[in-house]
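1. here is a sequence together with a model predicted from it:
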Amino acid sequence: MTETLVAAPETDEAGAAPKRLFIKTYGCQMNVYDSGRMADVLRPLGYAPTDTAEDADFVILNTCHIREKAAEKVYSELGKLREMRDLRLAAGGARMTIAVAGCVAQAEGEEIMRRQPAVDLVVGPQAYHQLPELLTRTARARGERIGADFAPNEKFDALRVPRGGEGVTAFLTVQEGCDKFCSFCVVPYTRGAEWSRPVADVLAEARELTARGVREVTLLGQNVNAYDGEGPDGTPSTLARLAYALAEIPGLDRIRYTTSHPNDMSDDLIAAHGELEALMPWLHLPVQSGSDRILRLMNRKHGRTKYIELVERIREARPDMALSGDFIVGFPGETEADFEQTMDLVQRVTYAGAFSFMYSPRPGTPAATMAGQVPETVSRARLHALQALLTEQQIAFNATQAGRTLPVLFERKGRHPGQAVGRSPYLQSVHVDDADHLIGRIVPVMIESGQQNSLTGRLQHKAAHGA
């Protein structure tokens with residue numbers, strides 16, 4: 001499980017002594033984005049950052065329901081926070097407020113409050129804008145403590161406060177929810193139906209980000225390529241049209257998006273990858289399985305042939321397109337023959353990166369009660385075989401970059417003096433010496449070598465005058 005720490009700004013806008021905020025973020029990039037917005041909406045209340053829960057006046061666990069035993073990990077963390085709070089109170093310290101946010105909160109809100117009374121607030125993904133009100137009510141020991149209703153338009157309308165400090169890259173949520181109802185997935189139940197933000201709102205936030213120095217945005221959505229937000233003419237836009245509009249913003253040089261569904265990869269979006277320079281040649285396109293039989297059981301609504309043909313069309317439009325994917329092994333009923341179909345698909349498509357997991361049941365999903373649950377030992381062996389192949393492909397892809405000159409957007413300082421780390425168009429980390437003065441700029445880098453997870457390069461002479 002990925003964990004990211006996000007905190008509010010250093011200053012209290014009201015001038016009062018700052019209260020301390022700690023947000024622990026689990027899971028996906030949308031959760032990272034949401035944690036940032038929670039910090040933003042709490043900033044006017046005087047909450048400033050702290051790096052540890054021990055120092056915090058307000059602790060938020062922003063949870064994810066996708067990974068195995070996600071809820072139990074949250075309860076374990078809550079137990080630690082309760083002990084921490086009790087010790088602080090016994091020592092005469094200030095009371096710590098504890099909140100659970102995110103998808104586990106949405107799915108198990110009442111159960112969380114029942115099992116762990118130390119929790120003060122439970123807030124679902126569409127109710128973050130209610131945090132100031134909920135926090136105030138809790139402080140007064142009265143009123144509603146659970147805010148989990150689906151109202152995404154209200155959420156984004158309410159979060160129109162200046163965002164906290166960004167780097168040169170930022171996430172930007174444009175779509176939420178899912179109507180696909182894959183049999184293994186809880187997202188339709190925790191994030192609700194598909195909903196897209198209006199184009200004008202997305203563009204306004206993107207302009208604000210570029211004014212703060214952001215040069216690359218990653219558009220987020222559970223099914224981001226299903227985007228159909230209202231356009232300037234009042235009709236639904238597509239993700240391709242939105243990308244073209246974003247590319248017109250001065251200073252916004254790179255556009256990415258994730259996560260996509262194969263069924264929503266439209267003709268105009270494929271064409272945009274061949275026409276729009278700002279749209280980066282990296283596409284996360286989950287397939288989950290290479291077996292048509294398993295895909296039907298997963299309710300994916302696409303087959304292996306359709307997926308392979310789609311990849312061919314994308315690469316015709318953008319020959320250097322690098323693909324990433326998601327895979328689940330050990331899905332109920334998966335046979336060795338089904339698994340071999342997945343291995344065959346990976347060999348046919350070739351991936352520059354991927355996420356792969358053993359199937360684990362999610363309560364309330366159709367797959368959780370399916371017959372033919374695969375033994376863990378079998379699933380684990382299949383996962384190891386799949387990951388070995390995917391790793392081999394990732395290493396091979398990175399190795400092919402050696403000798404090429406790539407435009408690199410430098411994001412931060414490296415671990416060594418003078419070193420800087422940036423991103424290639426293919427989302428690879430690139431480590432370059434004597435480049436820390438170029439952070440925030442896009443410059444050409446000669447790639448010297450490729451490792452499994454990164455590239456090493458050197459500046460060309462003209463890099464000193466890079467974009």
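-> Everything's here; your move.
2. quick one: Ser35 from Leu389, how far?
-> For Ser35, the distance to Leu389 (CB to CB, to the nearest Å) stands at 34 Å. Placement of C-beta: from N, CA and C, glycine included.
3. which one of these two is surrounded by more residues?
-> When Ser35 and Leu389 are compared on other CB atoms under 10 Å, the one with more neighbours turns out to be Ser35, at 23 against 17.
4. so, low pLDDT: which residues of the stretch 351-467 of the chain?
-> 461-467 (pLDDT under 70).
5. who does the helix or strand that contains Leu409 pair with, and is each partner parallel or antiparallel?
-> Element membership for Leu409 (DSSP states H and E) is strand 405-413. Based on DSSP bridges, the strands next to strand 405-413 in the sheet, each with its direction, are strand 420-423 (antiparallel), strand 442-450 (antiparallel).
6. export those as TSV, with columns for distance to Ala381 and mean neighbour count.
-> Rendered in TSV, the data for these read as follows (distance: least, CB to CB, whole Å; neighbours: other CB atoms under 10 Å):
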stretch	distance to Ala381	mean neighbour count
strand 420-423	34	24
strand 442-450	29	19
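7. now the helices: where do they sit in the chain?
-> In the chain, the segments counted as helices under DSSP state H are 29-42, 70-90, 103-115, 131-139, 152-158, 187-190, 199-211, 239-247, 267-275, 292-298, 304-317, 336-349, 376-399.
8. so which other helices or strands are in contact with the third one?
-> With contacts defined as 3 or more CB pairs under 8 Å, 6 or more residues apart in numbering; DSSP states H and E, helix 103-115 has these neighbours: strand 58-63, helix 70-90, strand 121-123, strand 146-147, helix 187-190.
9. one more time with 6 Å
-> Identification of packing neighbours for helix 103-115 by 3 or more CB pairs under 6 Å, 6 or more residues apart in numbering; DSSP states H and E yields helix 70-90, strand 121-123, helix 187-190.
10. adding mean neighbour count, distance to Pro361 and mean pLDDT, write the ones you listed out as a markdown table.
-> Putting the helices and strands packed on helix 103-115 into a markdown table (neighbours: other CB atoms under 10 Å; distance: least, CB to CB, whole Å; pLDDT from 0 to 100) gives the following:
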| stretch | mean neighbour count | distance to Pro361 | mean pLDDT |
| --- | --- | --- | --- |
| helix 70-90 | 15 | 12 | 86 |
| strand 121-123 | 25 | 23 | 85 |
| helix 187-190 | 21 | 14 | 72 |
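11. output those as CSV; include the columns distance to Leu297.
-> Supplementary listing: those in CSV, determined by distance: least, CB to CB, whole Å:
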stretch, distance to Leu297
helix 70-90, 23
strand 121-123, 33
helix 187-190, 17
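12. ok, which of those comes nearest Gly418?
-> Using CB to CB as the measure, helix 70-90 is the one of these that comes nearest Gly418, at 38.6 Å.
13. got the CA positions of that closest one in CSV?
-> Output of helix 70-90 as CSV, limited to C-alpha atoms (Å, rounded to 0.1, in the frame of the first residue of the first chain):
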residue,chain,number,x,y,z
ALA,A,70,-7.4,-2.2,3.4
ALA,A,71,-10.0,-1.7,6.2
GLU,A,72,-8.1,-3.8,8.7
LYS,A,73,-5.0,-1.7,8.2
VAL,A,74,-7.0,1.4,8.9
TYR,A,75,-8.3,-0.1,12.1
SER,A,76,-4.8,-1.0,13.2
GLU,A,77,-3.7,2.5,12.5
LEU,A,78,-6.7,3.9,14.5
GLY,A,79,-5.7,1.7,17.4
LYS,A,80,-2.3,3.3,17.5
LEU,A,81,-3.7,6.8,17.2
ARG,A,82,-6.2,6.1,20.1
GLU,A,83,-3.3,5.0,22.4
MET,A,84,-1.3,8.1,21.3
ARG,A,85,-4.2,10.4,22.1
ASP,A,86,-4.9,8.7,25.5
LEU,A,87,-1.2,9.1,26.5
ARG,A,88,-1.2,12.8,25.5
LEU,A,89,-4.4,13.5,27.5
ALA,A,90,-3.0,11.7,30.5
